[in-house]
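*Asks:* model the structure of this input:
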Amino acid sequence: MPELPFWIALAAMLIGLAGTILPAVPGIGLIWGAALVYAIVERFATIDPLTFAVLTLLAAVGIGSDLLLSHAGSKLAGASWQALAAGFALGAVAFVLALIFGGIGALPAAIIGTVTGIVLIEFRRQRSWREALKAGGGWLVGCLASRAVQFVIAVLMIAIFVWQAAF
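*Replies:* Got it, this is the predicted structure:
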């Protein structure tokens with residue numbers, strides 16, 4: 001029967017799993033950190049260095065996919081760096097304001113803010129609603145693809161952890 005450190009690490013990892021979908025919650029980084037702390041506490045007895053190296057590689061791929069896929073989706077759809085910067089800024093402002101005033105509406109606000117920023121700058125730049133909406137949609141598709149990849153990697157990391165630590 002696993003002991004308390006296992007259950008604490010697993011709880012942290014499940015929060016991290018939620019974080020692959022919710023941007024305000026730490027995701028893959030939290031899962032990796034929980035595995036590291038558990039491995040140190042257990043003196044790498046159940047999570048050996050090879051297993052931890054695999055978890056580290058998976059975490060790097062998951063974190064990299066977030067940056068790569070959302071950026072690639074918007075670039076493939078024609079978004080400029082100015083639109084991406086404006087989208088990031090407006091998304092961050094919308095997230096913070098929604099967090100302060102509405103709490104749970106922060107995620108939709110961040111997404112809407114980011115897409116709005118990209119669309120407005122691209123419309124200003126290209127004078128075409130079609131191209132502007134295409135750029136915003138490209139970011140959204142890339143972001144959703146990134147979240148899907150991160151979720152799958154997070155589940156795989158948790159499965160490896162449970163397999164090594166509990167069995």
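
*Asks:* going by C-alpha atoms from here, please, whenever you check contacts or count neighbours.
*Replies:* Fine.

*Asks:* neighbours of the closest residue to G105 other than its chain neighbours, how many?
*Replies:* Once flanking residues are discounted, G105 sits nearest to A98: 5.8 Å by Cα to Cα, 6 or more residues apart in numbering. Look at A98: counted by other Cα atoms under 10 Å, it has 18 neighbours.

*Asks:* do R124 as well
*Replies:* 13.

*Asks:* how far away is it from L140?
*Replies:* 19 Å (Cα to Cα, to the nearest Å).

*Asks:* low-confidence ranges, this protein, go.
*Replies:* Counting by pLDDT under 70, the chain contains low-confidence ranges at 1-2, 23-24, 103-104.

*Asks:* show me where it has helices.
*Replies:* Per DSSP state H, the chain carries helices over the ranges 4-19, 28-41, 49-76, 81-101, 106-126, 129-166.

*Asks:* for the protein, which residue occupies the most central location?
*Replies:* The residue lying closest to the centre of the chain (Cα atoms, centre = their mean) is T20, at 4.6 Å.

*Asks:* residues contacting that one?
*Replies:* Applying Cα atoms under 8 Å, 6 or more residues apart in numbering to T20 gives the contacts 26-28, 147, 150-151, 154.

*Asks:* try 10 Å this time
*Replies:* 26-29, 62-63, 66, 146-155 (Cα atoms under 10 Å, 6 or more residues apart in numbering).

*Asks:* can I have the buried ones of those residues as a PyMOL selection?
*Replies:* Buried residues among the contacts of T20 (16 or more other Cα atoms under 10 Å), as a PyMOL selection:
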select buried, resi 26+27+28+29+62+63+66+146+147+148+149+150+151+153+154+155
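
*Asks:* list the buried ones in stretch 160-167?
*Replies:* In stretch 160-167, counting by 16+ other Cα under 10 Å, buried: 160-162, 165.

*Asks:* off-centre distance for that stretch?
*Replies:* 24 Å (Cα atoms, centre = their mean, to the nearest Å).

*Asks:* who touches it?
*Replies:* Outside stretch 160-167, the residues touching it (Cα under 10 Å, 6+ apart) are 1-3, 6-7, 9-10, 13, 31-32, 34-35, 38-39, 42, 45-48, 51-52, 54-55, 154-159.

*Asks:* could you dump that stretch to CSV, C-alpha only?
*Replies:* Extracted in CSV, the C-alpha atoms of stretch 160-167 (Å, rounded to 0.1, in the frame of the first residue of the first chain):
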residue,chain,number,x,y,z
ILE,A,160,4.4,6.2,-15.4
PHE,A,161,4.6,7.6,-11.9
VAL,A,162,1.9,5.4,-10.5
TRP,A,163,3.3,2.3,-12.2
GLN,A,164,6.8,2.9,-10.8
ALA,A,165,5.8,4.2,-7.3
ALA,A,166,2.8,2.0,-6.5
PHE,A,167,3.6,-1.3,-8.0
